[in-house]
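Enquirer: Attaching a predicted model along with its sequence, questions to come.
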Amino acid sequence: MDYIRVTKDNLEKEHICCAISNNKDVQVSSKKAWLADRFDEGLVFLKSAERGKCFIEYIPAEYAWIPIEADGYMYIDCMWVSGAFKGHGYSTDLLNACIEESKEKGKKGLCILCAEKKKTFLADPKFLEHNGFVVSDEADNGIQLWYFPFDKGADAPRFKECARHPHIEEMGYVLYYTSQCPFNAKYVPVLEQTAKENDIPFCAIHIENREEAQNAPTPVTNYALFHDGEYVTNEQMNDKRFLKLIGQ
């Protein structure tokens, strides 16, 4: 398969894989605006030339929008291969491309969010383990930081203390989210409206810069739902899923 590197120059015309194709859709435009601001920080978005969900997105860990201490590492925001693209080695292609470029840039290794068992929107632990990744840290809610060092003597990346024990003081439902996931642009307003119509205490906190993200009370920042101070899920929800979650 041929791959395309998305840049500032071709961002507007390229399909970004994880969202619908219409550039006028708020989901696409919000994600592309977020990407455009990251390219100067070293973000790489590599996707299949064929239309479909087959891509990898990574950035120097110092610029990652999650609370980790991983200087010198490359952080993988997302790697996704779905549908008819599965089972053809494309995940390995994308990972190898990331490894090669990271080594060329003098990085210590790679790191990525995961969990002991596969969770929606997080990496597959079986795939990571097969490719030499190991767990370097784990938060109280089961979210793990996995890493692949290029030098066995390299210091392992770690979660910041604020993320290791996910908890907030606010009561009710509180959602932390970023524009990194395109679906948030559509579904966060849906949850806000659903909560309002059903008299559900709900607050959505939009993380709008790297500093806020790197000091968030959760290892997952693109979507993290809390209830009465405790972490609940990182799974994006529509109105029906949200009402089911709260028992309505």
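Expert: On my side now, so go ahead. Quick caveat: nothing in here was measured; it's all calculated off a predicted structure.

Enquirer: a helix runs through residue 32, doesn't it?
Expert: Yes: when DSSP: H, G, I helix; E, B strand; the rest coil is applied, residue 32 is found to be in a helix.

Enquirer: Roughly how far does it sit from residue 91?
Expert: Counting by Cβ to Cβ, to the nearest Å, the gap between residue 32 and residue 91 amounts to 24 Å. No exception for glycine: its C-beta is placed from N, CA and C like everyone else's.

Enquirer: Ok, residue 15 next?
Expert: Residue 15 sits 19 Å away from residue 91, going by Cβ to Cβ.

Enquirer: what's in contact with the biggest strand by length in the chain?
Expert: For the chain, the strand reaching the highest residue count under DSSP state E is reported as strand 73-81. Counting by Cβ atoms under 8 Å, 6 or more residues apart in numbering, the neighbours of strand 73-81 from elsewhere in the structure are 17-18, 43, 53-61, 64-66, 68, 90-91, 94-95, 98, 101-102, 105, 107-112, 123, 147, 157, 180.

Enquirer: After that strand, which helix or strand is next?
Expert: On the C-terminal side of strand 73-81, the closest following helix or strand by DSSP states H and E is helix 90-104.

Enquirer: just checking, what packs against that next one?
Expert: strand 3-6, strand 44-48, strand 54-60, strand 73-81, strand 109-115 (3 or more Cβ pairs under 8 Å, 6 or more residues apart in numbering; DSSP states H and E).

Enquirer: Give the buried residues for the first one.
Expert: Within strand 3-6, the residues that qualify as buried are 3, 6, counting by 16 or more other Cβ atoms under 10 Å.

Enquirer: what does the second one give?
Expert: Going by neighbour count (16+ other Cβ under 10 Å), the buried part of strand 44-48 is 44-48.
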